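Predicted coordinates and the sequence they were generated for:
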Amino acid sequence: MSLDRRELLKRSGVVTAGLAVGGSIATHSVAAQDDVAPEGLVFWTGWNDPVRSGIAETLATSFAESHDGTEVQFQVFQTEDLGETLPRALEGGQGPDVAQVNQSDVMGPLVAAGRLVSLDDYAEEHGWNEILPEGLLSRNMFSEDGSQMGEGSLWGVPAETEIVGFFYNRAIFEEHGLSVPTTMAEFEEILGMLREMGVEPIAFGTLDQWQAIHMFGEIHGAYTTREYIDDLIYRRNDASFDDQSIRDAMAKFVEWSENGYFMEGVEGLNGDDATPVFTAGGAAMLMQGSWAAGVVNQEMGDEAGFFLMPPVEEGGDVYHVGGVGLPFAITDNAEDPDLAAELIAHLVSEEARGMLLEAGNLPAGEIPEDRIVEGTLTGELYSAWNTALEADAIGHFMDWAAPGIFDVLAGELQKLMAGETDVDTAVTTLQEFYAASFEA
């Protein structure tokens with residue numbers, strides 16, 4: 001039986017009201033002095049959960065207080081809506097001074113259209129080149145024509161880094177005598193045991209597609225190499241989707257779906273809605289990015305833990321979906337780019353970093369050892385991140401491979417789950433689209 005989204009939320013004890021389905025969620029405005037006609041700044045953000053939107057409001061307030069008379073407005077969007085709305089607004093000569101810009105299929109076209117301001121000089125002035133290792137910072141770089149990611153000028157600076165893994169419910173694990181897996185085989189044994197015992201193994205939703213891509217990307221990370229995944233995403237050295245690692249990962253993705261490892265009714269649940277299902281006790285695990293850590297921590301505290309996708313064989317490599325969060329960029333709509341750069345500096349400052357750490361989120365860069373407390377959710381997340389960072393095991397988001405490939409990849413994964421296609425056909429479809437993207 002397939003459950004719809006509303007029924008899944010009801011069964012998990014989650015009540016939703018006024019969910020945003022498009023456009024912005026809210027606009028907030030703060031100013032240092034009400035009686036001063038302000039020189040305003042507007043920034044658009046994808047920090048749409050209550051934890052990070054609260055951080056955005058606090059940072060907007062402190063920036064206004066340190067820049068007398070400057071009003072700061074920020075508008076909160078769902079990530080997909082932000083990516084759709086920003087290009088249209090800028091094309092019409094409107095939009096924000098600063099915005100978070102998705103590197104997948106938004107940043108390149110905006111660079112090519114001249115809609116973003118190069119941050120090279122500002123990075124030197126504000127020390128942004130020191131925030132992240134070169135391999136991560138380069139994910140915010142594009143050539144001047146917007147065609148080549150990973151080289152050229154810097155166009156955005158992130159406040160967060162990201163890694164995808166598995167949040168788990170400690171009580172459920174302890175009740176059933178389970179421990180964090182160290183190999184793929186151990187993980188699959190746990191997933192099968194949970195299903196047999198009537199416990200939803202993984203809270204997971206594919207209605208808005210991106211969670212399926214991340215799940216596939218995590219599985220693929222256990223079969224791929226650093227060289228291959230970099231070449232595929234950076235579009236070099238004749239990389240192709242027609243690769244054995246892609247085939248192996250797709251076969252495993254189908255196997256997990258057929259074995260019932262994903263929550264029943266995944267097709268009726270949004271990726272973000274899977275988080276409250278998990279925190280309400282509706283599943284033993286949640287496949288989600290570190291961006292959900294603040295909400296999970298707020299709802300469950302240390303009753304939740306975190307681990308990364310285990311390797312096929314103990315001690316093997318896994319290249320985890322992740323990298324950097326949506327970076328803050330200056331648009332060509334900014335009347336005062338220097339002031340906009342000061343706002344970005346504030347959004348990625350030590351103050352912002354401390355607030356993200358306090359909330360249990362994952363700020364940019366290595367996490368200090370004194371912030372890692374064993375046996376806590378944040379301790380396990382931060383330890384996992386530092387380990388992956390040191391091992392150069394941070395992979396990529398698969399939909400960065402080509403503009404528009406998000407829909408193609410998501411569509412093929414959905415058809416694979418529904419038994420409407422096979423691995424060979426899915427691989428052929430993806431490679432044909434990928435190859436054609438070089439001719440566009």
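The structure has been received and is ready for your questions. Numbers count the residues shown, from 1 in each chain.

Which neighbouring elements make contact with the helix or strand hosting G165?
Element membership for G165 (DSSP states H and E) is strand 161-169. Under the contact definition 3 or more Cβ pairs under 8 Å, 6 or more residues apart in numbering; DSSP states H and E, strand 161-169 sits against helix 210-221, strand 285-289, helix 293-300, strand 304-307, strand 322-324, helix 377-390. Where you see a C-beta, it was placed from the backbone N, CA and C, and this is true even at glycine.

Convert the fourth one to PDB, retaining C-alpha atoms only.
To tie it back to what came earlier, the one meant is strand 304-307. In PDB, the C-alpha atoms belonging to strand 304-307 read as follows (Å, rounded to 0.1, in the frame of the first residue of the first chain):
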ATOM      1  CA  ALA A 304      20.000  11.100  17.400                       C
ATOM      2  CA  GLY A 305      23.400  10.200  16.000                       C
ATOM      3  CA  PHE A 306      25.100  10.500  12.600                       C
ATOM      4  CA  PHE A 307      27.300   8.200  10.400                       C
END
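
If you average the pLDDT over that strand, what comes out?
What strand 304-307 shows for mean pLDDT is 98.

Walk me through which strands that strand pairs with, and which way each runs.
strand 161-169 (antiparallel) (DSSP bridges).

now for the host helix or strand of A345, which elements pack on it?
Element membership for A345, per DSSP H and E: helix 337-347. With contacts defined as 3+ Cβ pairs under 8 Å, 6+ apart, helix 337-347 has these neighbours: strand 41-45, helix 50-66, strand 98-100, helix 120-126, strand 328-330.

average pLDDT across that helix?
Helix 337-347 comes out at a mean pLDDT of 97.

Show me what counts as buried in it.
Residues 337, 339-347 are the ones in helix 337-347 that count as buried (16 or more other Cβ atoms under 10 Å).

Just the angle for that helix relative to helix 50-66, thanks.
In terms of direction (axes from the mean of the first three to the mean of the last three Cα atoms, to 10 degrees), helix 337-347 departs from helix 50-66 by 130 degrees.

could I get helix 337-347 in CSV with only the CA atoms?
What follows is helix 337-347, C-alpha atoms only, in CSV (Å, rounded to 0.1, in the frame of the first residue of the first chain):
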residue,chain,number,x,y,z
PRO,A,337,29.0,46.1,-4.4
ASP,A,338,31.5,47.1,-1.7
LEU,A,339,28.8,47.3,0.9
ALA,A,340,27.3,44.0,-0.4
ALA,A,341,30.8,42.4,0.0
GLU,A,342,30.8,43.6,3.6
LEU,A,343,27.5,41.9,4.2
ILE,A,344,28.9,38.6,2.8
ALA,A,345,31.9,39.0,5.1
HIS,A,346,29.5,39.3,8.0
LEU,A,347,27.5,36.2,6.8
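
neighbouring contacts of it?
Helix 337-347 has contacts (Cβ atoms under 8 Å, 6 or more residues apart in numbering) with 39, 41, 43, 56, 59, 62-63, 66-67, 70, 72, 97-98, 117, 119, 122, 125-126, 128, 157, 159, 328, 330, 334, 352.

Tell me the buried residues within those residues.
41, 43, 56, 59, 62-63, 67, 70, 72, 97-98, 117, 119, 122, 126, 128, 157, 159, 328, 330, 334, 352.

what about F63, distance to D49?
21 Å (Cβ to Cβ, to the nearest Å).

Same question for L116.
26 Å.

who has more neighbours, these two?
Taking other Cβ atoms under 10 Å, L116 and D49 do not tie; L116 has more neighbours (24 against 19).

List the contacts of that one.
By Cβ under 8 Å, 6+ apart, the residues touching L116 are 101, 107, 110, 155-156, 329-332.

give me the beta-bridge partners of it?
Beta bridges link L116 to T331 when assigned by DSSP bridges.
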